[in-house]
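# Just the structure for this:
(2 chains)
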Amino acid sequence: DLLQRPQISKCRSPEMETFSCFWTAGNFYNLTVPRILQLLYKKSNEEDWKECPDYITSGHNSCYFNASYTSVWTPYCVQLASKNEIHDKKCFSVDEIVLPDPPVHLNWTLLNTSQTGIYGDIQVRWDPPPTADVRKGWITLEYELQYKEVNETKWKELKPRLSTMAPLYSLKTARDYEIRIRSRQRTSEKFGEFSEILYVSFSQIGIGCDHCTEEVEFPWFLVVVFGVCGLAVTVISIMLSKQPRLKMLIFPPVPVPKIKGIDPDLLKKGKLDEVNSILACHDSYKTQLYSDDLWVEFIELDIEDPDEKNRASDTDRLLSEDHLKSHNCLGVKDDDSGRASCCEPDIPETDFSASDTCDATSDSDQFKKATEKEEDLLCLDRQDNDESLASTDPQSWHRNTPSENSLLWAPFGDSIESPRPSVHTPISNQNSLTSNDFYAQVSDITPAGRVVLSPGQKSKLGRAQHEGCTEQNFTVDNTYFCEADVKKCIAVTSHEENEPHVQEQVYNEDGYFTTESLTTTVANFGAPTAAPPSSETPVADYTSIHIVQSPQGLVLNATALPVPDKEFNVSCGYVSTDQLNKIMP
Amino acid sequence: MSTKGASLKGLLLVTLLVSHMLLTKEGVTSLPICPNGSVNCQLSLEELFDRAVKLSHYIHFLSSEMFNEFDERYAQGRGFIAKAVNSCHTASLTTPEDKEQAQQIHHEDLLNLILGVLRSWNDPLVHLASEVQRIKEAPETILWKAVEIEEQNKRLLEGMEKIVGRVQSGEVENDIYTPWDGLPSLQLADEDSRLFAFYNLLHCLRRDSHKIDNYLKVLKCRLIHDNNC
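Prediction:
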């Protein structure tokens, strides 16, 4: 057995008017020789230890101090002693050891029951402990109520309250409950003892619902309904909200088919040529566009000139002299079906604003002018008569060099966006006329939108010409060949297409030269050819000149010249250098 | 949208403030002010006592907690409790020590005693708030409580003076006061001695605040509710 000294277990004051101390004797002493334990006390302002005034009232091993001995805020010390031996000592003040008695007179009343009778509310009332003088305000108590079902083990607590009544809600009428209450001084932490247990039984007052034992199920239906409603409200609010970010986060927009730079409306109702011109912005399209196969398709799509499709040998037609005229292509407004004629000024210009993603480094207006000029110069196939194909249009040369496709198209495509549709028109027409046996090479596209033809074709053409071209009176020097002529020739050869070695020298600022450049470089040719194209109407006396390395390579549009219908063949409206020399004085 | 957001925020803020005001109605710091703020505004004695009781209860609550925290943190193992004799500087004031004495004392005398105790604590509380910050690693809660107690004590003093002015028939006796000379002990170099001084001061504070709280409740029940609280 452990040796236990006598010690003071606790001192307690129930109402702050009296207090008692309790101790345990321990097994220290031999019971045969009983020792007498004394409790001595001393107030702080006293010097002598006094003995306990009352050993009886509080029970065994206790000391009771009544009101006369109690000073509330005075420090006390008590000590447990026997004879001269002090076993234990405690010091305190009465206000610190207040532990009230439990409340009394617990009762409950029914407040109401639920409609189904399963649940009921009750009001519990009690009285403060009789010893505590709350009426005079000497002590302020607060109460804590605990309750549980009869067969449960864990008590539920209500938070402490000052009033002597408490409601209990939603008690099951089919079950019995137990209630107990304890109290404490308001500013203390420790509670006193619990009161007696109060039993609550609804059946005693006749409202017990014995058969109402079914548990209320989880209201799945309500949960689902409210969840769906909440979700719908959220979705609708998101959809209607004006926060585009949130909206896009929850409802990302379905991507519509979109090609960069192309207006979908244009696709729907735009003219095909315009569309093609826009599509040509894209490299992939370009390369495909100018492969041989695509030319075929491209031709087929052009349905507005049914006559063109029916032409059998466009090349022949192009190259035949009969079709060549020396009139001003630009000025003639013939009656052939629209697209075929490059000289048709009424080829509508599309809304170039639609294609806005194609890189345009130059002025679109300038493009348009260039387009018009080029368009006029294209002088592509006419349906019947005038085949004065102003083949200075480098675009006509483009297609016929598949190996140079990228080179042909790329600069052109990048630098010209807006005028392309109208320019394409004659191209398409020409393509429809040609049978893909006519190659040209464009060496570069100027920022102004002018096309610089490569004189490299010269060698090829020349070679071709030598090989198979006999009709025309071409000189090797000519950098430009009549389109018709070339068509005959290029079909023969295909090598040396990749020799744009001379084309570097071709470069000038403008593929098509203005008056100034004309004057500077075409001194030999005199004035008439130097008619400033920009100052004239596009259809009128615009002369396109393409100067290659030598002045001899200058080819002018013969329409601007007083073209004698003599020995030189204005086969396609272009005048070769030599021919020009002949013309000019 | 920005204005909408701002107005929504403002509305939310106003709602929060209003709800806070309503919810903290029971709090000490949100006692109803004099309506209309008029000069002749007079709260009833009952309301004055209500406020005073609330304040005194709050002060005692803070003192009790502060003492418990200090005891827990600094006093363990130092044997402070063993030193039973700790006299407070207000011990010289003869205050009722039990219920009978509290019942028998005249309410005016009791009010004056309360005032005297409160005044006597003005100075120590100021120094407590400042000196407790010099305690090594003093918890923030103790620091905050010291400041709060000092502030609330001033408010209670004002309230009590108003009550005394209402209740007192004769002139107000202002001479009940005990000076405090414990400041040097709070500034001792020896940490143990200094902490013991703090312990004593906090102990006395808890006790005196309990006294005042009790006296005020007794007075309230006696004067307002006619001994039938």
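
# Quick one: name the residues of chain B near chain A.
B:1, B:57, B:60-61, B:64, B:81-82, B:84-87, B:95, B:97-100, B:102-103, B:207, B:210-211, B:213-214, B:217-222, B:227-229 (CB under 8 Å from any CB of the partner chain). In short, each C-beta sits where N, CA and C put it, glycine included.

# and those, which of them are in helices?
Assigned to helices by DSSP state H, the following of the residues of chain B next to chain A qualify: B:57, B:60-61, B:64, B:99-100, B:102-103, B:207, B:210-211, B:213-214, B:217-222.

# List only buried entries from those residues.
B:57, B:60-61, B:64, B:99, B:102, B:207, B:210-211, B:213-214, B:217-222 (16 or more other CB atoms under 10 Å in any protein chain shown).

# Burial check on B:K136, number of neighbours?
Residues within reach of B:K136, counting by other CB atoms under 10 Å in any protein chain shown, total 8.

# so who does it touch?
B:E191 (CB atoms under 8 Å, 6 or more residues apart in numbering or on different chains).

# Help me confirm that it is found in a helix?
No. Checked against DSSP: H, G, I helix; E, B strand; the rest coil, B:K136 lies outside a helix; its state is coil.

# Quick one: residues contacting the residue most central in space within chain B.
Computing the C-alpha centroid of chain B and ranking residues by CA atoms, centre = their mean puts B:I59 first, at 3.4 Å. B:I59 makes contact with B:I149, B:Q152, B:N153, B:L156, B:S209, B:I212, B:D213 under the criterion CB under 8 Å, 6+ apart.

# Now with 6 Å, please.
Neighbouring residues of B:I59 by CB atoms under 6 Å, 6 or more residues apart in numbering or on different chains: B:I149, B:Q152, B:S209.

# Among those, find me the one that's closest to chain A.
Minimum distance to chain A across the contacts of B:I59 is 9.1 Å, recorded for B:S209 (CB to the nearest CB).

# Tell me how many other residues crowd that closest one.
28.

# thinking it is in contact with B:S63, fair?
Yes. Contact criterion CB atoms under 6 Å: B:S209 and B:S63 qualify, at 4.6 Å.

# What parts of chain A come near chain B?
Residues of chain A lying close to chain B (CB under 6 Å from any CB of the partner chain) are A:17, A:44, A:70-73, A:75, A:77, A:91, A:95, A:135-138, A:187.

# same for the lowest-mean-pLDDT helix or strand in chain B, what does it pack against?
For chain B, counting by mean pLDDT, DSSP states H and E, helix B:2-23 ranks last in confidence among helices and strands (a mean of 74). Using 3 or more CB pairs under 6 Å, 6 or more residues apart in numbering or on different chains; DSSP states H and E, no helix or strand is in contact with helix B:2-23.

# Show me which parts of that helix are buried, residue by residue.
For helix B:2-23, using 16+ other CB under 10 Å, no residue counts as buried.

# Please write out the alpha-carbon positions of that helix in PDB.
The C-alpha coordinates for helix B:2-23 follow below in PDB (Å, rounded to 0.1, in the frame of the first residue of the first chain):
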ATOM      1  CA  SER B   2     -17.100  48.900 -61.600                       C
ATOM      2  CA  THR B   3     -19.600  51.100 -60.100                       C
ATOM      3  CA  LYS B   4     -21.900  48.200 -59.700                       C
ATOM      4  CA  GLY B   5     -19.200  46.300 -58.000                       C
ATOM      5  CA  ALA B   6     -18.500  49.200 -55.800                       C
ATOM      6  CA  SER B   7     -22.100  49.700 -54.800                       C
ATOM      7  CA  LEU B   8     -22.400  46.000 -54.100                       C
ATOM      8  CA  LYS B   9     -19.400  46.200 -51.900                       C
ATOM      9  CA  GLY B  10     -20.800  49.200 -50.100                       C
ATOM     10  CA  LEU B  11     -24.100  47.500 -49.500                       C
ATOM     11  CA  LEU B  12     -22.300  44.400 -48.200                       C
ATOM     12  CA  LEU B  13     -20.200  46.500 -45.900                       C
ATOM     13  CA  VAL B  14     -23.200  48.400 -44.600                       C
ATOM     14  CA  THR B  15     -25.100  45.100 -44.000                       C
ATOM     15  CA  LEU B  16     -22.100  43.700 -42.100                       C
ATOM     16  CA  LEU B  17     -21.800  46.800 -40.000                       C
ATOM     17  CA  VAL B  18     -25.500  46.900 -39.200                       C
ATOM     18  CA  SER B  19     -25.600  43.200 -38.300                       C
ATOM     19  CA  HIS B  20     -22.500  43.600 -36.100                       C
ATOM     20  CA  MET B  21     -24.100  46.400 -34.300                       C
ATOM     21  CA  LEU B  22     -27.300  44.400 -33.700                       C
ATOM     22  CA  LEU B  23     -25.500  41.300 -32.700                       C
END
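
# what comes into contact with that helix?
Under CB under 6 Å, 6+ apart, the answer for helix B:2-23 is an empty list.

# how distant is that helix from the center of its chain?
34 Å (CA atoms, centre = their mean, to the nearest Å).

# Likewise for stretch B:88-98?
17 Å.

# Mind checking the pLDDT average for it?
Averaging pLDDT along stretch B:88-98 gives 89.

# for that stretch, which positions count as buried?
B:C88, B:H89, B:T90, B:A91, B:L93, B:T95, B:P96, B:D98.

# Secondary structure element holding A:I122?
In this structure, A:I122 sits in strand A:119-127 according to DSSP states H and E.

# can you pull the buried residues of that strand?
A:Y119, A:G120, A:I122, A:V124, A:W126.

# Reformat the residues you listed into a markdown table and put pLDDT next to each item.
A markdown table is the format used below for the buried residues of strand A:119-127 (pLDDT from 0 to 100):
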| residue | pLDDT |
| --- | --- |
| A:Y119 | 88 |
| A:G120 | 89 |
| A:I122 | 93 |
| A:V124 | 95 |
| A:W126 | 94 |
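
# Could you verify my assumption that A:L141 touches A:T187?
No. The pair A:L141 / A:T187 is not scored as a contact, 10.8 Å apart, by CB under 6 Å.

# Low-confidence stretches in chain B?
Where chain B drops to pLDDT under 70, the residues are B:1-2, B:20-41, B:81-86, B:170-174.

# do the stretch 451-585 of chain A as well
For the stretch 451-585 of chain A, the ranges with pLDDT under 70 are A:451-577, A:579-580, A:582-585.

# who touches stretch B:72-91?
Against stretch B:72-91 from outside (CB under 6 Å, 6+ apart): A:44, A:75, A:77, A:91, B:117, B:120, B:178, B:180, B:195-196, B:199-200, B:204, B:208.

# repeat for stretch B:176-195
Counting by CB under 6 Å, 6+ apart, B:74, B:89-90, B:92-93, B:112, B:116, B:119-120, B:123-124, B:127, B:131, B:197 sit against stretch B:176-195.

# Would you check which pair of those residues lies furthest apart?
B:Y74 and B:N112 (35.8 Å; CB to CB).

# quick one, which of these two is more surrounded?
B:Y74 (22 against 19).

# Distance check, that one against B:E137.
B:Y74 sits 10 Å away from B:E137 when distances are taken as CB to CB, to the nearest Å.

# Counting neighbours, what do you get for the residue in the stretch 251-400 of chain A that chain B sits nearest to?
Nearest to chain B in the stretch 251-400 of chain A, going by CB to the nearest CB, is A:F251, at a distance of 19.3 Å. Counted with other CB under 10 Å, the neighbours of A:F251 add up to 11.

# okay, the closest residue to chain B within the stretch 151-300 of chain A: pLDDT?
Using CB to the nearest CB, the single residue of the stretch 151-300 of chain A nearest to chain B is A:T187, 5.5 Å away. pLDDT for A:T187: 83.

# distance of it from A:L39?
A:T187 is 28 Å from A:L39, by CB to CB.

# Looking only at neighbour counts, state which of the two leads.
A:L39 (25 against 20).

# model confidence over the helix or strand harbouring that one, on average?
Following DSSP H and E, one finds A:L39 within strand A:38-43. Throughout strand A:38-43, pLDDT has a mean value of 89.

# strands paired with that strand, and their directions?
strand A:50-51 (antiparallel), strand A:75-82 (antiparallel) (DSSP bridges).
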